[in-house]
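# Got a predicted structure plus its sequence, pasted below:
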Amino acid sequence: MSGRGIRRQSSHAAMGALRKDKSELSSYADKPPIMTNEHLSALLAERVLGWRAGPNRYIMADRQWLKRERFQPTKRIDAAFRLLIAIRPFDYKLEGSGSDVCWARVRTPGGSGEAKNPSMPLAICLAIARALGIDVEGVG
């Protein structure tokens, strides 16, 4: 009989700990997830270029596809410019030097955005995302 009482107490203690863990997790659920460079790239490809993001590739028009490693606008300047050209900005301005922070500003019919980052491709992507109203908290 006493063995059952010990088990019952330990299971109640475990349930209390589980409730505590769930309450701690619910505070994290209230916060929006932090966006990564890969997520930003996929989101911009979908919104700007009309592509569909798959696990390892982008599905383009006419059933064509492109491996994700070949389109990395947050890392490669050619891919960032592809996005910049595709949004057809009213105006854009890029500044930077070899050792300083790069700066990008983009104005579109829907809004404007600017960003600073040591990486010019990432600064361009962040400015485009902000111009489109995308929350880029945590990227960079």
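Right, received. Where do you want to start? Numbering: from 1, shown residues only.
# which residue ranges form the strands in the protein?
Using DSSP state E, the strands of the chain run over 52-53, 57-59, 65-67, 91-95, 102-108, 111-117.
# what residues does the fifth one touch?
The set of residues that contact strand 102-108 without belonging to it, under CB atoms under 8 Å, 6 or more residues apart in numbering, is 84, 87-96, 112-120, 123-124, 126-128, 130-132. Glycine gets a C-beta too; all of them are placed from N, C-alpha and C.
# go with 6 Å
With CB atoms under 6 Å, 6 or more residues apart in numbering as the test, strand 102-108 has contacts from 87, 89-96, 113-117, 120, 123-124, 127-128, 131.
# Poorly predicted segments of this structure, please.
Filtered on pLDDT under 70, the chain yields the residue ranges 1-33.
# Mind doing that once more with 50?
2, 5-12, 14-15, 17-28 (pLDDT under 50).
# domains in it, as residue ranges please.
Domain assignment for the chain by automatic domain parsing gives 1-31, 34-131.
# just how off-centre is the last one within its chain?
The chain centroid and the centroid of domain 34-131 are separated by 11 Å, computed with CA atoms, centre = their mean, to the nearest Å.
# got the end-to-end distance for that domain?
Distance across domain 34-131, first residue to last, is 19 Å (CA to CA, to the nearest Å).
# Pull stretch 109-122 out as CSV, backbone CA atoms only.
The C-alpha coordinates for stretch 109-122 follow below in CSV (Å, rounded to 0.1, in the frame of the first residue of the first chain):
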residue,chain,number,x,y,z
PRO,A,109,4.1,51.7,-55.0
GLY,A,110,3.1,49.9,-51.8
GLY,A,111,5.6,51.3,-49.4
SER,A,112,9.2,52.0,-48.6
GLY,A,113,11.9,50.3,-46.6
GLU,A,114,15.5,50.7,-45.7
ALA,A,115,18.1,48.6,-43.9
LYS,A,116,21.7,48.6,-42.8
ASN,A,117,23.9,45.5,-42.7
PRO,A,118,27.5,44.5,-43.3
SER,A,119,26.3,42.4,-46.2
MET,A,120,24.9,44.3,-49.2
PRO,A,121,22.7,41.4,-50.5
LEU,A,122,21.1,41.1,-47.0
